[in-house]
Structures are given as structure tokens and as C-alpha cells.
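1. Just the structure for this:
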Amino acid sequence: MTNQPWQMKPAKDLGLGPLERAKSLRRDPGPVSFFSRNIFWAMAHSMLKTWNGFTVEGRHNLPENMPFVLVANHSSHLDVMMMTLSVPVQMRVRLFALAAEDHFFTKVSSSFFTSIMINALPMSRAGGGKGREAIETFRERLLTESCGIIIFPEGTRTRDGKVGRFRAGIGNLVAGTNIPVVPCWIDGAFAAFPAGRLIPRRKKITIQIGKPLTFQDFATDKDGTEQVAKQLQDAVTALNPSR
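-> So this is what the prediction gives:
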């Protein structure tokens, strides 16, 4: 095997101002954000472990290498933190969460917190050209970079504890590719911290990680992407211990 020479490449968000960088779909991790984020994750893990008895089951199902996509049911603002904490520490620097642009990226303060501490990328929920552009960018990053993405295909938190329909955006992201998609079930987050509550209750929260799926044989048209979404919804809900 011939060793390839190491090459230094400029960050994809080089030259952007701080706020532009926070909102960029191509944001790369920086040393300051990496240091700050590790402190935040350590504090979050301690809080969740102490207050909610947070545990992860099935971690052996995670792919050994990136890229991959994590999908789960969505009932709490705690979900993205727990999904991130389910992944090995060395992978978290390249693990991005997709967050609603209209909720987390409208103010300067929330934009910086969401991008620096959560490592989230803005996702438009309005659909149309902006939503398609975002999905295409994320798909390209998964196909060309060693990275991971956390996505909640329902598009919003449940208001009644029931799983909503998975949207076809997840199909647009992975249909026709061999990118592993890992279904996860978050149990207890709705009881602990549902929408509208300010302080989490002391309820146990567990994440169950399932076996990864791939969708290289699925078409990228409307039918194909909807089939991907439906299959992933079934895979996520199958992990629910109360089903």
C-alpha cells in the first residue's frame, strides 16, 4: 500500500464572521468550540446521570467509523444532548445535530449556544428550496466527510407522548446511499421534560440503540423517500419497550 501524503485543507467555513459561521451548513469544528463543548457535555452527562439515571443500551450497535446518521423519536429538548452522549467521546467533534432554524437560530444568543455547545446545524422546517438545499448539503457532507448527523424525523417534539409521522426528509438524506442509519428509542424523556416544562422532573431516561440500516436500493423519488421514512419509523418504534 502506498502512503498518501498528508494535506492541510482549509476549513469549509473559512472567512465567515462569527454569526455567519454559527449559522453555516458547512461549519467545521474549531478549537475554542471543541474545548467549550467538552466541558458542557461533561456537565450535561453528570446532570442527566444524577437527576435522571440516564443510561444507554445497545451501544455496541453503533458503527465503528463515520459517516452515519442517528434517528430517534423526539419528545424533549434533552433528546439531542442524550443522543450525543450516546456516541463515543472521540466521535462527538464530528457529530452534528439538525436543529430547527426558526426556533434555535433566530437570535444571536441562541445561535451561538446552539452552534457552539450543541454543535447543531440549522434545518429549515418550512420546506421549499431552502429545506432542499439544506438536505442536499447534509447528504453531500455525509458522502464526502467523516461525520455523523443526529436527526429527529418527526420534525418537532411530540405534545402527547405519541410518535408522529416521520417526514420524507430523512429519505432524501439517505436513500440511494450506503450510509448507515441507526434507529434509537428515547424512553422517559417525555415524562421528564415535555414541551412547555421549564425544569426536568426526576424521571429515569434510557436510550435504546438498534442495529443500523442502509437504503442503497431505495429510489430518491417521492415514493422511495417516503418508504425510507416509514421503515425507519417502524424500526424506531420497535425499540419501544412498552409497545
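2. element containing the most centrally placed residue in the chain?
-> In the chain, the residue lying closest to the centroid (Cα atoms, centre = their mean) is I150, at 1.3 Å. In this assignment (DSSP states H and E), I150 forms part of strand 148-151.
3. Check which residues of the helix or strand following that strand are buried.
-> Using DSSP H and E, the helix or strand that follows strand 148-151 in sequence is helix 169-174. By 16 or more other Cβ atoms under 10 Å, the buried positions in helix 169-174 come out as G169, I170, G171, N172, L173, V174. From N, CA and C alone the C-beta is placed, and that goes for glycine too.
4. after the top helix by length along the chain comes which helix or strand?
-> Longest helix of the chain, by residue count under DSSP state H: helix 31-52. Downstream of helix 31-52, the next assigned helix or strand under DSSP H and E is strand 55-57.
5. Mind listing residues that contact that next one?
-> Contact with strand 55-57 is made by L85, S86, K204, I205, T206, I207, Q208, I209, as judged by Cβ atoms under 8 Å, 6 or more residues apart in numbering.
6. Equivalent analysis for stretch 132-143, please.
-> By Cβ under 8 Å, 6+ apart, the residues outside stretch 132-143 that reach it are 25-26, 67, 69, 98, 121-124, 147, 149, 169, 172-174, 177, 179.
7. just the strands in this protein please.
-> 55-57, 68-72, 95-100, 120-123, 148-151, 181-187, 206-209 (DSSP state E).
8. For K204, give me its contacts.
-> K204 makes contacts with N52, G53, F54, T55, G188, as judged by Cβ under 8 Å, 6+ apart.
9. same thing but 7 Å
-> N52, G53, G188 (Cβ atoms under 7 Å, 6 or more residues apart in numbering).
10. Next, format the residues you listed as CSV and append neighbour count.
-> Below are the contacts of K204 laid out as CSV (neighbours: other Cβ atoms under 10 Å):
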residue, neighbour count
N52, 22
G53, 13
G188, 21
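11. closest to T106 among those?
-> When those are compared for distance to T106 (Cβ to Cβ), N52 wins out at 28.7 Å.
12. How many residues are close by the residue lying closest to the closest one once chain neighbours are set aside?
-> Excluding its sequence neighbours, the residue lying closest to N52 (Cβ to Cβ, 6 or more residues apart in numbering) is I205, at 4.5 Å. Residues lying near I205 (other Cβ atoms under 10 Å) number 25.
13. Could I have the ChimeraX command that selects the buried members from the contacts of strand 55-57?
-> A single ChimeraX command selects the buried members of the contacts of strand 55-57 (16+ other Cβ under 10 Å):
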select :85,86,205,206,207,208,209
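14. which of the contacts of strand 55-57 sit farthest apart?
-> Maximum distance among those (Cβ to Cβ): 16.9 Å, for K204 and I209.
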